[in-house]
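Colleague: How does the following fold in three dimensions:
(2 chains, ligands or ions: 3)
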Amino acid sequence: MTAPTSTKPAPARNRWSRLVWLVPAAILVLAAVVLAAKGLRELPAVQSFLTAYPGESELPHGAPVGFPAWLGWQHFLNSLLILLIIRSGWQVRTTTRPPAYFTRNNTGPIKTRGKPAKISLHLWFHLSLDALWVLNGAVFYVLLFATGQWMRIVPTNWDVFPHAASAALQYASLNWPVENGWANYNSLQVLAYFTTVFIAAPLAIITGLRMSGAWPKDAGRLNRAYPIELARAIHLPVMFYFTAFIIVHITLVLATGALRNLNHMYAARDDTGWAGFAIFAASLAVMTAAWILAKPIFLRPIASLTGKVTR
Amino acid sequence: MKIVVLVKQVPDTYEDRKLDTAAGLVDRGACEPVLDEINERALEVALRYRDGNKGTEVVLLSMGPEGTASALRKGLSMGADVAVHVLDSALSGADLGRTAAVLAAALRATGFDLVIAGNASTDGGGGVVPAMVAEHLGLPHLTFLDAVEISAGTVAGVRATEHGSLGVHALLPAVISVTERSAEARFPNFKGILKAKKKPLQVLSLAEIGLDPAFAGAGRSAVVTAAERPARTGGTRITDEGTAGEQLADFLASARLI
Ligand SMILES: Cc1cc2nc3c(=O)[nH]c(=O)nc-3n(C[C@H](O)[C@H](O)[C@H](O)COP(=O)(O)OP(=O)(O)OC[C@H]3O[C@@H](n4cnc5c(N)ncnc54)[C@H](O)[C@@H]3O)c2cc1C
Ligand code: HEM
Ligand code: HEM
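Modeller: Ligands and ions are numbered 1, 2, ... in the order given. Sure, this is the predicted structure:
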């Protein structure tokens, strides 16, 4: 019993017209930051701070050097999955008429007492990718801690903070820190990777689970303490965090010695040849293909393997 | 067996549908035209029979304007073998009688053992085209079937009545119409979409199905006036202060709903 409201979205012009002042404003702010950082670096006190804290915290004794091949695999699978996870999550959020619905067959290996809920095909895809992503992440955690590789992305000394401040200042003044990610990440990288792996990813999982059908509906006290609205309010900003991280991450990877960085992660070697780039290019091709093929017409037959796909 | 499925392209109900109030016709540009869902179900009934019976041919027949081809392609991608499109400028604004006469003539031209239609279209909603077609052809007609059983020489089905359900059957050739409960339509798959591009889609004019545009008995109704439905008003909001139940009952009683 509400008054009729227009279902037409506001004209697109409004959305883009804001860019007219947003873009110049952003450029001005950036220029101001760069100038301020350059100015700061002239100060003797700041110069001695930069000498004391060049930007990377020393690794604990016995930390491994270099990138094992498994890290490259894990990292690639993670990139591929998260690309599709972000897209499918966004589709869950923005689609008003899903292309199809999915109801899980309650017969196979996963059998529940309750009746499986009917979900949109987008959400089915999101959840299926999530399962693979969690599996990939679990393997990553195990390998990370089994090989000591964790020491490279978990801060072990409070001095990461001044080091990170130093690295940030060096980035901001456009006089970038000399880094050698093969041996050690700079402290800003360490903090960013740590946040992504050990804060953002678990947050996405625990909030996603809360919204999913896997969460118990009748857990009275627990559900009052952790309402679904709270999970929804956190899940989306976590996606924004991931997106921002990925944009900055890739930009810096490509801007700070692309060939060498790509060799580290994609070819497990520390030189400036083209091997890493070639594998990276191939991985981009795989991601593009997955993006193009992730359409209802191809997802429906896969979804029908474990459930009923209906309108 | 040759099964002809009558299909109609209709404006998508998901969007706001519009009437061109000056001409009294549907504004076809206002929203996306789609294959009527009830006809997808009718097609599904035919396809299920064909799945189990080699040598069955499923033909789509539609009368409609230019863009109807896209609805027919959709039906072909779901699995129909052939599509026939009756397209003629003399058919613009055809009413129920004219539509049925044309479809009957087209059916005579294509030949058939069984004709399957939807019980009522989503846009016109007349619900009588199938009966009129059957009358034109002088054939038995089973209407509003919730379930259909096709076999070599007969068609049987179940239709709901006010007091229960009715089992009905007829010898072929026959015309039937099906309801929303008849079948859950399949999605076209990738192979189907590729194959649909190569399947025959025949376009026929009135002359080609043997009808003179001024055919006998084609008294044509004209829309005299059409007006937009007035916007809905706010309605009544009932806040529960312990008497909501009574207020609801009063509201329903005053609107003569109970
Ligand atoms: C703006 C407007 C004004 C109208 N004015 C009049 C009028 O003045 N007088 C009048 O008699 N009618 C009028 N109509 C009705 C219109 O002519 C009918 O929509 C049309 O004749 C088809 O009937 P239906 O869709 O109601 O068919 P239904 O009987 O509801 O259709 C049932 C089934 O018949 C089959 N079928 C129906 N049409 C076709 C088709 N074209 N091609 C293939 N199969 C088909 C389908 O299987 C469908 O599911 C008007 C419609 C509109 C939108
Ligand atoms: C296709 C895009 C990507 C490219 C090209 C890329 C490239 C790289 C490179 C080259 C490194 C090593 C950095 C160095 O040597 O200094 C690295 C590390 C890392 N990347 Fe990416 N990356 C991509 C996407 C992602 C995504 C989507 C995430 C997570 C959401 C991510 C998370 C990480 C993490 C956590 C590390 C540190 C890994 C470790 O050492 O344990 N990357 N990436
Ligand atoms: C195990 C991990 C995850 C699970 C179980 C999960 C689960 C879910 C569920 C159930 C929804 C639907 C919410 C609803 O019905 O409204 C959803 C939405 C969404 N997910 Fe996830 N998700 C996970 C990881 C991620 C990740 C890693 C991202 C992005 C980086 C992401 C991005 C989104 C977005 C953008 C939405 C739409 C949110 C909204 O409508 O506000 N998800 N997710």
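Colleague: Just list the residues touching the residue nearest to A:Ala192 when sequence neighbours are not counted, thanks.
Modeller: Nearest non-adjacent residue to A:Ala192, counting by Cβ to Cβ, 6 or more residues apart in numbering or on different chains: A:Phe245, 6.4 Å away. Where you see a C-beta, it was placed from the backbone N, CA and C, and this is true even at glycine. A:Phe245 sits next to A:Ala192, A:Thr195, A:Thr196, A:Ala200 when contact means Cβ atoms under 8 Å, 6 or more residues apart in numbering or on different chains.
Colleague: Filter those residues down to just the ones in helices.
Modeller: Among the contacts of A:Phe245, DSSP state H puts A:Ala192, A:Thr195 in helices.
Colleague: Now name the helix or strand holding the residue nearest to A:Ala192.
Modeller: Assigned by DSSP states H and E, A:Phe245 belongs to helix A:228-255.
Colleague: what comes up buried for that helix?
Modeller: By neighbour count on 16 or more other Cβ atoms under 10 Å in any protein chain shown, the buried set for helix A:228-255 is A:Ala231, A:His235, A:Val238, A:Met239, A:Tyr241, A:Phe242, A:Leu252, A:Val253.
Colleague: Would you convert the contacts of A:Phe245 into TSV that also reports pLDDT and distance to ligand 2?
Modeller: Listed next are the contacts of A:Phe245 as TSV, based on pLDDT from 0 to 100; distance: Cβ to the nearest ligand atom, whole Å:
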residue	pLDDT	distance to ligand 2
A:Ala192	97	8
A:Thr195	97	9
A:Thr196	97	5
A:Ala200	98	8
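Colleague: Filter the contacts of A:Phe245 down to the buried ones.
Modeller: For the contacts of A:Phe245, a burial check counting by 16+ other Cβ under 10 Å picks out A:Ala192, A:Thr196, A:Ala200.
Colleague: can you give me the helices in the chain?
Modeller: I went with chain A, as the question did not name one. A:12-17, A:19-42, A:44-52, A:69-94, A:121-147, A:160-172, A:187-195, A:201-211, A:220-225, A:228-255, A:258-267, A:275-293, A:296-303.
Colleague: wrong one, chain B
Modeller: Under the criterion DSSP H, chain B contains helices at B:37-52, B:68-78, B:96-110, B:129-137, B:190-196, B:244-254.
Colleague: Which other helices and strands does the fourth one contact?
Modeller: With contacts taken as 3 or more Cβ pairs under 8 Å, 6 or more residues apart in numbering or on different chains; DSSP states H and E, helix B:129-137 sits against strand B:2-6, helix B:96-110, strand B:114-118, strand B:141-150, strand B:174-178.
Colleague: Check whether that helix comes near ligand 1.
Modeller: Yes - in terms of Cβ under 6 Å from any ligand atom, part of helix B:129-137 sits within range of ligand 1, namely B:Val129, B:Pro130.
Colleague: Show me the contact partners of that helix.
Modeller: So helix B:129-137 is in contact with B:6, B:96-97, B:99-101, B:103-104, B:107-108, B:115, B:117-119, B:121, B:140-141, B:143, B:173-177, going by Cβ under 8 Å, 6+ apart.
Colleague: same for ligand 1: which of those residues are within range?
Modeller: Restricting the contacts of helix B:129-137 to those touching ligand 1 (Cβ under 6 Å from any ligand atom) yields B:Leu6, B:Leu96, B:Thr99, B:Leu103, B:Ala117, B:Gly118, B:Ser121.
Colleague: Those: which two are farthest apart?
Modeller: B:Leu96 and B:Gly118 (14.0 Å; Cβ to Cβ).
Colleague: neighbour-wise, which of the two wins?
Modeller: Shown here are B:Leu96 and B:Gly118; by other Cβ atoms under 10 Å in any protein chain shown, B:Gly118 has more neighbours (26 against 15).
Colleague: ok, the residue of the stretch 151-258 of chain B found nearest ligand 3 - how many residues close by?
Modeller: Ligand 3 sits closest to B:Phe187 of the stretch 151-258 of chain B, with a gap of 22.9 Å, by Cβ to the nearest ligand atom. Neighbour count for B:Phe187, taken as other Cβ under 10 Å: 18.
Colleague: What residues does it make contact with?
Modeller: A:Ala100, A:Pro296, A:Ile297, A:Arg300, A:Val309, A:Arg311, B:Met78.
Colleague: if we can go back for a sec, can you flag the buried ones in the ones next to ligand 1 among the contacts of helix B:129-137?
Modeller: For these, buried by 16+ other Cβ under 10 Å: B:Leu6, B:Thr99, B:Leu103, B:Ala117, B:Gly118, B:Ser121.
Colleague: Test my guess that the second one contacts B:Met63.
Modeller: Yes - counting by Cβ atoms under 8 Å, B:Thr99 sits close enough to B:Met63 to count as a contact (6.2 Å).
Colleague: just for the stretch 1-150 of chain A, where's the confidence low?
Modeller: Along the stretch 1-150 of chain A, segments meeting pLDDT under 70 span A:1-14.
Colleague: if we go to 90?
Modeller: Along the stretch 1-150 of chain A, segments meeting pLDDT under 90 span A:1-21, A:61-63, A:96-97, A:106-116.
Colleague: near ligand 1, which residues of it show up?
Modeller: Checking the stretch 1-150 of chain A against ligand 1 by Cβ under 6 Å from any ligand atom, there are no hits.
Colleague: Out of the helices and strands in chain B, which is least certain?
Modeller: When each helix and strand of chain B is scored by mean pLDDT, DSSP states H and E, strand B:25-26 comes last, with a mean of 78.
Colleague: Show me what that strand is packed up against.
Modeller: Against strand B:25-26 (3+ Cβ pairs under 8 Å, 6+ apart) you get strand B:19-20.
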